[in-house]
Every structure is written in structure tokens, then in C-alpha cells.
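**Q** dropping the sequence and predicted coords here.
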Amino acid sequence: MITLKSYICGEWQTGGGAGRALHHAVTGEQIASCSTEGFDFEAMLEYGRNVGGPALRAMTFPQRGELLKKMAGVLNGHLEEFYEIAAAYGATKRDAWMDVEGGIGTLFVYSSLGRKALPDSSFIVDGEVAGLSKEGTFVGRHIRVPLEGVAVQINAFNFPAWGMLEKLASSLLAGMPALVKPATSTAWLAYRMVERLIESGVMPEGTLQLVCGSVGDLLHHMTCQDVLGFTGSASVGCKLKSHPNLVANSVRFNMEADSLNCIMLGHDVAADSPTFGKFVREILNEMRVKAGQKCTAIRRILVPADREQAVIEAITAKLSGTVVGDPAVEGVKMGPLVNRSALRDAREGIAVLSEECEIVHGDPDRSDFEGADGEKGSFLEPILLRCKDAASAVKVHEVEVFGPVATVIGYADDDQALALARKGGGSLVATLYSEDEALARKLTFGLAPFHGRLMVMNEQASGESTGHGVAMPQLVHGGPGRAGGGEELGGLRSVYHYMQRTALQGTPERLEAICSV
Ligand code: NAP
């Protein structure tokens, strides 16, 4: 068993008391503990502001891009170790790849942005000169400068690597030092990554701090120059968003929360068509990858009512062959949930959904799994539900079961399909399958206002598709409403989140001199 330390104020420190426990997802045994008891959270912020901030602001964008590239290089040198740790959370090799190498890939994409798309300076001149006077002696122009505080991250358990690295990519490139707080249950992976980065010497002093455990009174000490990036459940996110100090100081806050993502089968797609097969494959992927513990996973499957049975039969036929168990055992396709508490939550969520749905595949209480003790590990086989009455169902649009669980909902016509999709109250991503161009266009404009990303699929696109659940660093990751209203990824916009846009006014000559690189 290991004790996870925190890297704060330039040194590794251990909190007092017994700390919080981390458990192995397959065996249920305690594997680590961590504590932040006795830590001075204000000092951490001050350290980042006074040591890390100036170091980063002295660097140009290409130099910061170079830093991201070096970080990616360091982490790439320790992949095997990261995969071993991810296995303790129940990740299959593929699950771990998404988290670990997906995160490293994001560093590379933002590194390239810094080295190729941003100026050789430490700030950005934004837009053209605006004429403000008759004689032209008084003009305006915008610049973007890094905020001078700390970019605090509070991350979800399901992507301990990617969740940290994707936020670091934007904030470090913008010129802000970071303080990372991984979710406790999977903090070991983030801890080991930070350890490797710090010991490599690539991180300028003060640019990366790590807190393993609770955040104490950290939020209380944040100022208008700090940024809080939160990923996790909508309930915790809303609580943090309304923290009195964050509200009073207008601390910039980005929330990536849960969402009831949907996939929709266009009314034009016949049950015996190749497009139908691709649609089913997309659903199976989303239910099984990371045992459905993805914020982007498909939770609602919207299909024409007359094809509901065909969809259920096609999905269940494949789900029946899914081997669930210890990912270390040959042939296992899906691992456990992260811990027993997540399993309990998932079972409770299924019970709530069952008030208006019937289970058409899977047993939430099953306990025999490949190579593992189901009473000790946190296994849940894929569960497919069918909504009994689409017109009146409510819970299916509100309750996110964070596991391999999805519900088929039959719709009567296109308008009802759209109305049902929108009942999710804003989601990270939706996918549409249709071969009908006019229908695809109509549904796109009906879905777009409620989604951060929309896959407008047909058979042709499915060959090279990156998949419904995969957030791409080049594209928006975030969604309106329930999904948090944020935009964590998406190229320059996510970098700008850590910068102040300031309008300068003065003579053209003076502004030219200030803005010249
Ligand atoms: P969670 O329970 O909301 O926890 C998220 C983070 O908040 C953890 O680091 C947790 O720390 C911390 N936290 C909890 N209470 C806090 C408090 N009072 N003050 C400060 N920090 C607090 O979510 P989770 O169970 O880790 O993750 C699953 C959820 O995240 C799902 O709902 C999923 O949809 C969502 N998610 C969203 C995205 C996205 O990009 N939109 C990505 C991944 C996951 P401890 O672990 O130490 O309690």
C-alpha cells in the first residue's frame, strides 16, 4: 500500500491523520491512502502566483508549446507503469489507452498550437485597430494577457490522466501555473504522472502543484486572477460554482459535468441496412468502453418506435457475448466500475430508471465474473433498458447512471425525437445516424443548440469516425445546461479562458509600439 503525497510549494508533503482510502476495483483491497490534513492552501496559491506565474509569463507561446512537448515526451517514457496503475481502477488496455495516451496526445496538439499558430510573444494582439476618432489620433485595439493567478483543476475519477493533461495543455500554454486536484479514488495515476514530470526537471519551478485528497479551504482563497476548472457531477459542480468567494470575486469557473447524451436513428434507416449496423456498433462501444464511465457515453437511444424491437434485439445479441471480469484475464472485454461505492450508485440509478423502464438485458445484481470475485470487486454487466412510455417518462432524461447502462426510447416522429433529445437539458454530445441529407440538416439544427458536439453520421463517415464518446482536442468539449455550460477544449478558445482580453485605447503610434512583438 502506498501513501500518495502532494507536491506543494516546491516539495512533496504528506497530510496528517489516517487519510482517505483508494481501493482496487477488481479485488476491493485498499491500495493507497492520501490526506491533506494540516496543509496551508493559501500558501499553495501564493507559491503558484509568485513563483510559477512569472516563470511562465517570461516564456513565449512557442516556448510554452515546447514545454508541453517535453512533458508529453517524459510521460511517453513511462507508459507501462501508467498502464499498470490504470489496471487497478479496472481499466482494460483500451480504456487506459484512452486516458493515458489520449491525454498525452492532447499535450502534443496544444504544443503544436503554441509553436505554430501563436505569436512569438508572451501575449496576443487580438483583432484589428478600431478607429474611434475623426482625425484618427485616438484608436482602440485588444490584447490578451495571461491571468496572474493559479489555474486550479478539480477533476473527475474516470479520466485521472486525460482530465489533468487536457486542462494543463490550455492553462500552461496561456501562461498560468496549475494546481491539480485529482478525484481521490483514482489519484494514484495523476500522482505518478506528476512525480515523473517533476523528477524529469522539465517543469519550471512553481508551474505544477498537486493535491491528493480534499481541497480544504482552497476555494476561499481564490481571487479574480485565479481560474477554477471543475469536472465531475452536476451536483458537486453546482455547489462549487455557487461558493460565496467565487461568486464575490467573479472567479472564472469552467464546469464540465455529467450529461444524458443521446444517439438518434433517423426514420430513414431500415433495420437491415448497413447504416443500422454502424448505429448498433456505436452504442455497443459506448456501453462497454471504460464500463460506461465516460461523461460522453450514450445514455439514451432514440429510435423510431417501429424499429425499437429490432434495435433491442441487435444490441442484446452482441451484449450477450461481452465477457466482463478482471481485465488482466485473457478475453475479458469489459472491466469493473471504479469501486463499490460507484457500483452502489449505479444500482440505485438503475432502480430509479426501472420505475419507468423495463430491463431488457442484464442483471444489476449478477455476481459471477471472469477471473474475479463479484462480491469484492465492483462489477456490473451491461444493462439495457427500454422506456415504457416516451411521452411521459422523466427520469430517463434526468438520471445519469455512470456505468454500462443505456435506455432505448421509441419516438413517434421527428418532432418528438427532437423534443426527447432536448429533454436532456443540454448535453456534451449527440450522434445522429441517417442517410437522408434533408433530414440530417433538419435534425442538426434542432439538436445543435442543446449540444457541444454533434456527430452527423452516415455509413460513409463511420469508416474513419473517431467515435461518439471521444473528445477531440481540436473540437469543443463541453456542452450547455446540464453539461455545465463550459468549453474545456476546442483550440484557442480554451487557451483564452486563462487570459484577460483588454481593450487598449490611445494614439495609433503608442498602441503600435505596445503591441509590437
Ligand atoms: P464528483 O463526485 O462530482 O467529484 C468530482 C471532483 O470533485 C472530485 O475531485 C472530488 O474530490 C471533488 N469534490 C467533491 N466534493 C467536493 C467539494 N465539496 N469541494 C471540492 N471538491 C469536491 O464526480 P466523480 O464521481 O469524480 O466523476 C463522475 C462524474 O463526473 C460523472 O457524473 C461524469 O458524468 C462527470 N464527468 C464529466 C466530464 C466532462 O468532461 N463533462 C468528464 C468526466 C466525468 P474527491 O474525489 O476527493 O471527493
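**A** Sure thing, it's come through.
**Q** quick test: name the residue nearest the centre of the protein.
**A** Closest residue to the average C-alpha location of the chain: Gly163 at 5.6 Å, with CA atoms, centre = their mean.
**Q** what sits against it?
**A** By CB atoms under 8 Å, 6 or more residues apart in numbering, the contact set of Gly163 is Gly103, Gln153, Asn155, Ala156, Pro182, Thr231. The way it works is simple: take the backbone N, C-alpha and C, and place the C-beta from them, glycine included.
**Q** same question for Glu381.
**A** Glu381 neighbours (CB under 8 Å, 6+ apart): Thr322, Val324, Gly362, Asp363, Arg366, Phe369, Pro404.
**Q** show me what contacts Met472?
**A** By CB under 8 Å, 6+ apart, Met472 lies in contact with Thr466, Leu489.
**Q** before we move on, the earlier item: pull out the buried residues from the contacts of Glu381.
**A** Listed as buried from the contacts of Glu381 are Thr322, Val324, Gly362, Phe369, Pro404; burial here means 16 or more other CB atoms under 10 Å.
**Q** pick the one among the residues you listed closest to Glu205.
**A** Pro404 (43.5 Å; CB to CB).
**Q** what's the closest non-adjacent residue to the closest one?
**A** Sequence neighbours aside, Gly292 is the residue nearest to Pro404 in space, at 3.7 Å (criterion: CB to CB, 6 or more residues apart in numbering).
**Q** which strands and helices sit next to the strand or helix carrying Arg386?
**A** Assigned by DSSP states H and E, Arg386 falls within strand 383-387. Judged by 3 or more CB pairs under 8 Å, 6 or more residues apart in numbering; DSSP states H and E, the packing partners of strand 383-387 are helix 308-319, helix 340-353, strand 357-361, strand 405-411.
**Q** what about 10 Å?
**A** Other elements packing on strand 383-387 under the criterion 3 or more CB pairs under 10 Å, 6 or more residues apart in numbering; DSSP states H and E are helix 274-288, strand 300-304, helix 308-319, helix 340-353, strand 357-361, strand 405-411.
**Q** let's have these in JSON lines, adding mean neighbour count and distance to Asp120.
**A** Output for those, formatted as JSON lines (neighbours: other CB atoms under 10 Å; distance: least, CB to CB, whole Å):
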{"stretch": "helix 274-288", "mean neighbour count": "20", "distance to Asp120": "42"}
{"stretch": "strand 300-304", "mean neighbour count": "24", "distance to Asp120": "47"}
{"stretch": "helix 308-319", "mean neighbour count": "18", "distance to Asp120": "52"}
{"stretch": "helix 340-353", "mean neighbour count": "17", "distance to Asp120": "47"}
{"stretch": "strand 357-361", "mean neighbour count": "18", "distance to Asp120": "57"}
{"stretch": "strand 405-411", "mean neighbour count": "25", "distance to Asp120": "48"}
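**Q** tell me which of those lies nearest to Val476.
**A** Here helix 274-288 is closest among those (CB to CB), at 18.8 Å.
**Q** pLDDT of the host helix or strand of Val152, averaged?
**A** Using DSSP H and E, Val152 sits in strand 151-154. The average pLDDT within strand 151-154 is 98.
**Q** next one, pLDDT for the residue lying closest to Gly90 once chain neighbours are set aside please.
**A** Excluding the flanking residues, the one nearest Gly90 by CB to CB, 6+ apart is Ala25, at 3.3 Å. Confidence at Ala25, expressed as pLDDT, is 95.
**Q** quick one on the thing from earlier: pipe the helices and strands packed on strand 383-387 into JSON lines and attach distance to the ligand and mean pLDDT per row.
**A** Shown next, in JSON lines, are those (distance: least, CB to the nearest ligand atom, whole Å; pLDDT from 0 to 100):
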{"stretch": "helix 274-288", "distance to the ligand": "13", "mean pLDDT": "97"}
{"stretch": "strand 300-304", "distance to the ligand": "14", "mean pLDDT": "98"}
{"stretch": "helix 308-319", "distance to the ligand": "22", "mean pLDDT": "97"}
{"stretch": "helix 340-353", "distance to the ligand": "7", "mean pLDDT": "97"}
{"stretch": "strand 357-361", "distance to the ligand": "20", "mean pLDDT": "98"}
{"stretch": "strand 405-411", "distance to the ligand": "12", "mean pLDDT": "98"}
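**Q** nearest to Val429, of those?
**A** Taking CB to CB, helix 274-288 is the member of those nearest to Val429, at 10.0 Å.
**Q** buried set for the longest helix along the chain?
**A** The longest helix of the chain (DSSP state H) is helix 93-112. Burial within helix 93-112, assessed by neighbour count using 16+ other CB under 10 Å, is assigned to 95-96, 98-111.
**Q** other SSEs contacting it?
**A** Against helix 93-112 (3+ CB pairs under 10 Å, 6+ apart) you get helix 61-76, helix 79-87, helix 162-174, helix 187-200, helix 492-496.
**Q** give me the mean pLDDT for that helix.
**A** On average, the pLDDT along helix 93-112 is 97.
**Q** contacting residues around stretch 123-132?
**A** The contact list for stretch 123-132 (CB atoms under 10 Å, 6 or more residues apart in numbering) reads 57, 60-61, 118-119, 136, 138-146, 174-175, 492, 495-496, 499-506, 508, 511-512, 514-517.
**Q** so Glu286 is in contact with Lys294, correct?
**A** Yes. The criterion here is CB atoms under 10 Å, and Glu286 meets it with Lys294 at 7.3 Å.
**Q** between those two, which contacts overlap?
**A** With CB under 10 Å, 6+ apart, Glu286 and Lys294 have common neighbours Asn261, His468, Gly469.
**Q** give me the neighbour count for the second one.
**A** Right, the one you point to is His468. 22 (other CB atoms under 10 Å).
**Q** how about the residues of the stretch 351-500 of the chain by the ligand?
**A** Contacts of the stretch 351-500 of the chain with the ligand, taken as CB under 6 Å from any ligand atom, map to Glu400, Phe402, Leu428, Gly484.
**Q** can I get the residues you listed in JSON lines with pLDDT?
**A** Shown next, in JSON lines, are these (pLDDT from 0 to 100):
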{"residue": "Glu400", "pLDDT": "95"}
{"residue": "Phe402", "pLDDT": "96"}
{"residue": "Leu428", "pLDDT": "96"}
{"residue": "Gly484", "pLDDT": "90"}
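**Q** quick check, the residue in the stretch 101-250 of the chain closest to the ligand?
**A** Residue nearest to the ligand within the stretch 101-250 of the chain: Gly232 (2.6 Å; CB to the nearest ligand atom).
**Q** oh, I was asking about the stretch 1-150 of the chain
**A** Residue of the stretch 1-150 of the chain nearest the ligand, by CB to the nearest ligand atom: Arg20 (6.8 Å).
**Q** residue contacts, the closest residue to Ile301 other than its chain neighbours?
**A** Excluding the flanking residues, the one nearest Ile301 by CB to CB, 6+ apart is Val408, at 4.7 Å. Residues in contact with Val408 (CB under 10 Å, 6+ apart) are 265, 283, 300-303, 307-309, 311-312, 315, 357, 360, 384-387, 390, 396.
**Q** same thing but 6 Å
**A** By CB atoms under 6 Å, 6 or more residues apart in numbering, the contact list for Val408 reads Ile301, Val311, Ile312, Arg386.
**Q** kindly report the same for Met499.
**A** Arg144, Pro146, Ala174.
**Q** what separates the closest residue to it other than its chain neighbours from Gly491, distance-wise?
**A** Spatial nearest neighbour of Met499, excluding adjacent residues (CB to CB, 6+ apart): Arg144 at 4.3 Å. Between Arg144 and Gly491 the distance, using CB to CB, to the nearest Å, works out to 14 Å.
**Q** centroid-wise, who is the farthest residue in this protein?
**A** The outermost residue of the chain relative to its centre, with distances by CA atoms, centre = their mean, is Glu135 at 50.8 Å.
**Q** let's see the pLDDT reported for that one.
**A** We note a pLDDT of 96 for Glu135 in this prediction.
**Q** right, I'll leave it there.
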